[in-house]
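predicted coordinates and the sequence they were generated for:
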Amino acid sequence: MKREVDLNEISDGKLYEINDMVKADCGDCKDCFACCQGMGQSVVLDPLDCFRMTQNLSGTMEELLGAELELNVVDGIVLPNLKMKGEGETCGFLSREGRCRIHSFRPGICRLFPLGRVYGDEGFKYFLQLHECKMENRTKVKVRKWIDTPDSKRYEAFVRDWHFFLKGLERKIGKKGDQAFSNQVSLYVLKQFYLTPYDGPGDFYEQFGKRLEAASLL
């Protein structure tokens, strides 16, 4: 999701890489779940997020979209996001005790928080959002450990490739200026990367790569 912000106003002014130390560790949240409510449609899910959910919950994307997830337009393309529920607008995966029920396979944006990503021409770096997390006295932790995702090199390549793929589609939609084409792109992306099941025991990144290569014909 594109954000038009001044990094100097929302961050500590530094950019971090995967092996850098950053003051992001909130000590297991200590009964705080402020970041799990009132997030609107901002927790957008990528294909890996949804792959992890369907595998660990033994369900389908269609079932999840009928419950904890929903679809919304993000920069011209329809994508899934976590659904906020009830008067408190809390995440559907939050327990009554205020704990994440899918913590071990939580989405990438949740793993990242309170970090963000800033993209350049060829990739991205991380930045620390100063005012988003309500916890005080956070301690330093290595970015790699904080994100807590196996094979961080392949994960970062996936994040980069997915981002630039979506940006490319966004530009094509803008040039066409045709709602029918925009709808066609959204339906293709949803079917190709989310609704068509991946082979669970197989390598996700390899399967994603093949789907991304096929999608280059769009």
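Looks like it came in fine.

in the lengthiest helix in the chain, which residues are buried?
Taking DSSP state H as the criterion, the chain has its longest helix at helix 152-176. Within helix 152-176, the residues scored as buried using 16 or more other CB atoms under 10 Å are 155-156, 158-159, 162, 165-166, 169-170, 173. Every residue, glycine included, has its C-beta placed from N, CA and C.

pretty sure Asp49 is in a strand, no?
No: under DSSP: H, G, I helix; E, B strand; the rest coil, Asp49 sits outside any strand and is assigned helix.

okay, strands next: where are they in this protein?
21-25, 69-74, 77-82, 84-85, 90-91, 115-119, 124-128, 139-142 (DSSP state E).

tell me the bridge partners for the residue nearest to Gly40 when sequence neighbours are not counted.
Once flanking residues are discounted, Gly40 sits nearest to Met84: 6.5 Å by CB to CB, 6 or more residues apart in numbering. Beta-bridge partners recorded for Met84 (DSSP bridges): Cys91.

ok, Met84 to Leu130 distance?
According to CB to CB, to the nearest Å, Met84 and Leu130 sit 23 Å apart.

state the distance from the nearest residue to Ile109 once chain neighbours are set aside to Cys100.
Distance criterion CB to CB, 6+ apart; nearest residue to Ile109, sequence neighbours excluded, is Val43 at 5.1 Å. From Val43 across to Cys100, the span is 12 Å (CB to CB).

quick one on the thing from earlier: for the longest helix of the chain, the distance to its chain's centre please.
Distance of helix 152-176 from its chain centroid, counting by CA atoms, centre = their mean, to the nearest Å, is 13 Å.

which other residues reach that helix?
For helix 152-176, the external contacting residues (CB atoms under 8 Å, 6 or more residues apart in numbering) are 18, 46-48, 75-77, 108, 117, 119, 123-124, 144, 147, 149, 181-182, 185, 189, 205, 208-209, 212, 215, 218.

again, but for stretch 132-139
10, 23-27, 29-30, 32, 34-35, 113-114.

need the contact list for Phe204.
Contacts of Phe204 (CB under 8 Å, 6+ apart): 48, 51, 198.

can you redo those residues as CSV with neighbour count, distance to Asn137 and pLDDT?
Converted to CSV, the contacts of Phe204 look like this (neighbours: other CB atoms under 10 Å; distance: CB to CB, whole Å; pLDDT from 0 to 100):
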residue, neighbour count, distance to Asn137, pLDDT
Leu48, 21, 32, 98
Phe51, 21, 36, 98
Tyr198, 20, 41, 96
